[in-house]
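[1] sharing a model that was predicted from the sequence below.
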Amino acid sequence: MRGCRRGAAATSCVDFRPRLCRPVTKKKNTSGEIREAALETLAQLPPADVTAYTDGSVLDPRRMRRGGGGYTLTDAKGKQFSGKCAAGARCNSYRAELSAMLLCLRDLLSGAKKHAVPQDAVITVALDSQSAIKALAAGPAAQSGRLEIRVWEALSEVCARFRARVIVQYVPGHVDVEEQEEVDKVAKAAAAECAQGDGPIALSLAKAAIKEVQRGELVASLRNKVSDHFWLAVTGGKPAKCDKLSREEQRTLAQLRAGHSPLTLDYLYRVATTSKNFKIPDDGDHGMSIAEGVVDAVRDGSPAHEAGVLPGWRPTHIGGKKCATDGELAAQLVVAQGDRCAVKFKTVPSPKCPACPAKQDGVRHLLAECPGYAKTRHSVFGTHNVPLSVLRDQQKEVLRYLQRIGRWRPKDSRVRGARQTGTHTGIHTRSAGDRRGSVQHSGTSSPAAAVGKIGRHIAPLGIPRSPWSCIWGLPVFAPWIPISGGQTVAA
């Protein structure tokens, strides 16, 4: 890339070269191959009168603290010079690289070190930051940062004073290029030894520093409450590896690690709601038979039936007013007689575990505590005391366990099962302890008829119109729920 210096009487240019003579990367090539490409690139450059290597370093890169820059320079007479400077108390590698380059150019211009720079000289500046070279190559008019503008001003003055051609060449660091290794030591010494000033910093760097501080404070506060924070208790703050897992499997495990999974009824109880608008007649005959706060049956042809209300739903609000008890529910239904109002239902009326209804369902209960799944838990994990860390370390086993107890099935097997049965509304049953499982079709073609056959055993989930429930507009397959006799059922 080439960026022309400012000034109408410009007679020389700055050449920016952010690449080597042949493409190499640290992922695909060894250090030796990258070094050979770098030396080959340097050998192809025009003979230089002055050669400078610059580098920047940050003492604490993660917190972006204490930056420094340095350079080594060989002039036209073969004399060697070096210099170092502070880059800022808050600094990233990009700013440190530009600070080192600016120091080198200013020392050339000051004449304090009496560099031998002839007229019409070729000056090569080598650095290991492609981002810095590409940013400067956009030209002086494209620069918005104060540091970039000052570097371009120094480049323009060097070109004008010495009628020089400046080549800014990328040379990768840490690949045993001798000159680059020397300047790296100078830069590290600058970051450690030079006094850091309190000068202004770029807005982008300030934002990054603020985010890093906030992130550190959040992590520190969560570590003090690791027992109360489910994700940290599961992962220990370390990301889980998702190698060789499908996207659906990764999503399922991520939901479990967060403690918010549609495979558990405590989560569905919180989020699975729907609202129906229908008129309650003057005589109060809305068509719903309610027992213990749950819709037990819906009469055909009634207002509730026409609105799509299904058995197993729990009314929570009538006309915008909350109904916390059976008495409040009955009172609100009387008040709403003769009016058309919105009735809000929980489609999952209870957060209790279907395998042991005395306890609340949840990820911890599902994986480590539920006595109803103890036999399967031991056969899959080899122990009854299953730690939550299995969600990070034994992901395949967790998925197999969920399949064995009937809470989850891969999408492709659900589609294949639907094709085999020829319908999407059949009821599938199998033994909870059977590894293979047997799939049977009840011959039922409608959700309402299916409800009549299995009654309130399936009520904890509600009956969707297809095997895909909808929560907040997102399709989620309804989990399998155990019924009497050691069988499981899924809508």
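    Right, received. Where do you want to start? Numbering: from 1, shown residues only.

[2] domain-wise, how is this structure divided?
    Domain ranges of the chain: 2-204, 273-346, per automatic domain parsing.

[3] which other residues reach the longest helix along the chain?
    Using DSSP state H, we find that the single longest helix of the chain is helix 203-223. Helix 203-223 has contacts (CB atoms under 8 Å, 6 or more residues apart in numbering) with 62-64, 90-92, 95, 201, 229, 232, 237. To be clear about C-beta, it is placed using only N, CA and C from the backbone, and glycine gets the same treatment.

[4] same thing but 10 Å
    Residues from elsewhere that reach helix 203-223 (CB atoms under 10 Å, 6 or more residues apart in numbering): 62-65, 88-92, 94-95, 144-145, 200-202, 228-229, 231-232, 236-237.

[5] narrow the residues you listed to those in helices?
    94-95, 231-232.

[6] just the buried ones among the contacts of helix 203-223, please.
    64-65, 88-92, 94-95, 145, 201-202, 231-232 (16 or more other CB atoms under 10 Å).

[7] closest one to Glu369 out of the residues you listed, please.
    Nearest to Glu369 among the buried ones among the contacts of helix 203-223: Trp231, at 18.6 Å, using CB to CB.

[8] settle this for me: the closest one is touching Gln255, isn't it.
    No: using CB atoms under 10 Å, Trp231 is not in contact with Gln255; the gap is 11.1 Å.

[9] distance from whatever helix or strand Gln403 lives in to the middle of the chain?
    Gln403 is located in helix 395-405, with elements delineated by DSSP states H and E. Offset of helix 395-405 from its chain centre (CA atoms, centre = their mean, to the nearest Å): 24 Å.

[10] so where's the chain uncertain?
    Residue ranges of the chain with pLDDT under 70: 1-12, 112, 198-200, 222-228, 237, 243, 412-491.

[11] show me where the stretch 201-350 of the chain has helices.
    Applying DSSP state H, counting those that start in this stretch to the stretch 201-350 of the chain gives helices spanning 203-223, 230-235, 247-258, 265-271, 303-307, 326-335.

[12] any idea which of those helices gets closest to His115?
    So among the helices of the stretch 201-350 of the chain, helix 203-223 is nearest, using CB to CB, at 31.5 Å.

[13] of all the residues in the closest one, which ones are buried?
    Buried residues in helix 203-223 (16+ other CB under 10 Å): 205, 209.

[14] tell me where the stretch 1-150 of the chain has strands.
    2-4, 13-17, 50-60, 65-74, 80-90, 122-127 (DSSP state E, counting those that start in this stretch).

[15] if we can go back for a sec, would you format the helices of the stretch 201-350 of the chain as JSON lines with distance to Ile123 included?
    Converted to JSON lines, the helices of the stretch 201-350 of the chain look like this (distance: least, CB to CB, whole Å):
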{"stretch": "helix 203-223", "distance to Ile123": "29"}
{"stretch": "helix 230-235", "distance to Ile123": "52"}
{"stretch": "helix 247-258", "distance to Ile123": "52"}
{"stretch": "helix 265-271", "distance to Ile123": "65"}
{"stretch": "helix 303-307", "distance to Ile123": "81"}
{"stretch": "helix 326-335", "distance to Ile123": "85"}
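
[16] so which of these gets nearest Asn277?
    Closest among these, using CB to CB: helix 303-307, at 6.6 Å.
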